[in-house]
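1. model the structure of this input:
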Amino acid sequence: MPARFLSDVDLARLTGWPDQVTGEELAAFFTLTRDDVAWVVDGRRGAGNRLGLAVQRCTLPWLGWAPDDLTGCPAAAAARLADSLGIAAGEAAGLLAGYGGWQGDTRRTHLREVLERLGWRTCGSGEWKQLDALLAARALEHDAPTVLFAQSVDWLRGERIVRPAVDSLVRAVGAAREAATVETVQRLAPLLDDGQLVAGLDELLAVDAEATPEGHTSISCTVTHTQVITILYIVLPSCARGTRGSRLRSWHRQYANWDRPRARRRRVSDPVRTRLRPSRRPRARRRSRWRWRIR
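-> Alright, predicted model coming up:
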C-alpha cells in the first residue's frame with residue numbers, strides 16, 4: 001500500500017468543485033458558441049437537461065473530469081451558461097439540483113455525448129499502460145510523489161483523457177516509485193563490486209574532525225554506498241561544490257557513463273569549471289582607404 005502524500009485539502013480540491021472561478025476561466029471555458037448552443041438545444045426537452053449538459057460540456061475541459069453532483073458548480077459559471085441558453089440566472093441552482101434523471105442515467109448519457117463532441121475518451125487499459133510507462137520514466141528522474149501526480153494529470157489533460165479516480169492515480173504513482181527504486185539499485189549494484197570504489201566511498205563518508213564545530217560531537221554518517229553513487233550519478237552534475245569538489249568531480253567523470261556502451265561513452269563536461277565563452281571569429285583585414293596613385 002503506497003504511503004499517502006495528498007493532504008485533506010488536496011483531496012477535497014481534486015474530488016470536488018473549486019470554491020471560486022476566475023474571470024479568465026469563465027471566458028476560456030464557460031463561453032458557448034453558436035454551434036454549442038444549437039447542439040445543446042437540439043432535441044433536448046427541459047431547461048434542466050440543457051443546463052446540465054452545458055455544465056458538463058464546459059466543466060470537462062476545465063477540470064479534466066466531470067463531477068457527478070452538479071449542484072456544486074460555481075454560481076458565476078452557472079449564471080453565465082444560463083444566460084447563454086436563455087434561462088433565468090435565479091433558476092440555475094434549482095435546475096441543477098433536479099438534473100440527472102433516474103439514478104443518474106441522463107447525466108451519464110449526456111457525458112458520453114460530451115466526450116464524443118469534444119474528442120475526449122475514458123482511461124482504458126491502453127491509456128493506463130501509457131501512463132504507467134510515463135510515470136516509470138519520470139520516477140527515475142525525481143522521487144517527489146506530488147510532482148509525479150501533477151505530471152500525470154497534465155499528461156491526461158493533454159491527451160484528452162478523462163482523469164480517473166484519485167486513489168487509482170495515487171496507487172499508480174506509488175507503484176512507479178517502487179519500480180524506480182528497484183531499477184536504480186539494479187543499475188548501481190555493479191559499481192559496488194569494485195573494491196577501489198567502495199574504499200573511496202568509505203573515505204567520502206568519513207567526517208573530518210577539523211570541519212566539526214567546537215562543542216559538537218561528530219555524528220557517524222549512515223549514508224549507504226548506493227545513495228552516494230546516486231549523488232555522484234544524478235545530483236553531482238548540477239551541484240559539485242565544496243571542499244571535496246575536485247575529488248567528487250573526478251569520481252563523477254569516471255563513473256557517470258558506466259551504463260553506456262564503450263563506443264557511445266563521452267567525457268562528461270565539468271559544470272563547475274565550464275564557462276560560456278563568446279565565439280571568437282578572426283577579423284578580416286581592413287584594406288587601406290588610401291591608394292597610391294601613379295602619375
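2. rest of the way, CA atoms for contacts and neighbours
-> OK.
3. and the nearest residue to L96 once chain neighbours are set aside, backbone torsions?
-> In space, L96 comes closest to T71 once its chain neighbours are excluded; the distance is 5.6 Å by CA to CA, 6 or more residues apart in numbering. When quoted as degrees, to the nearest 10, the phi and psi of T71 stand at phi -70, psi -20.
4. residues in contact with T71?
-> Residues touching T71, when contacts are defined by CA atoms under 8 Å, 6 or more residues apart in numbering, comprise 93, 96-97.
5. looking at neighbours, which among those is most surrounded?
-> Compared across those, L96 has the highest neighbour count, 23 neighbours, by other CA atoms under 10 Å.
6. ok, it touching L51?
-> Yes. Here L96 reaches L51: they are 7.3 Å apart, a contact under CA atoms under 8 Å.
7. format the contacts of T71 as a markdown table; extra columns: distance to A28 and secondary structure.
-> Rendered in a markdown table, the data for the contacts of T71 read as follows (distance: CA to CA, whole Å; DSSP: H, G, I helix; E, B strand; the rest coil):
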| residue | distance to A28 | secondary structure |
| --- | --- | --- |
| A93 | 22 | helix |
| L96 | 22 | helix |
| A97 | 25 | helix |
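8. between the residues you listed, which is nearest L131?
-> L96 (34.0 Å; CA to CA).
9. L11 versus the closest one, what's the distance?
-> L96 sits 24 Å away from L11, going by CA to CA, to the nearest Å.
10. next: L201.
-> Taking CA to CA as the measure, L201 falls 42 Å from L11.
11. please identify which of these two sits among more neighbours.
-> Shown here are L201 and L11; by other CA under 10 Å, L201 has more neighbours (18 against 12).
12. shouldn't that one be within a helix?
-> Yes. Membership of L201 in a helix is supported by DSSP: H, G, I helix; E, B strand; the rest coil.
13. just checking, what packs against the host helix or strand of D10?
-> Secondary structure here is read from DSSP states H and E; on that basis D10 sits in helix 8-15. In terms of contacts (3 or more CA pairs under 8 Å, 6 or more residues apart in numbering; DSSP states H and E), helix 8-15 is packed against helix 166-188.
14. buried residues in the helix it packs on, which are they?
-> Buried residues in helix 166-188, counted by 16 or more other CA atoms under 10 Å: 169-170, 172-177, 179-180, 188.
15. care to break the chain down by domain?
-> When the chain is parsed with automatic domain parsing, its domains come out as 8-118, 125-188, 194-208+221-261.
16. quick one: end-to-end length of the second one, please.
-> So that's domain 125-188. The first-to-last residue distance of domain 125-188 comes to 32 Å (CA to CA).
17. please apply the same query to the first one.
-> With CA to CA as the measure, the first residue of domain 8-118 is 32 Å from its last.
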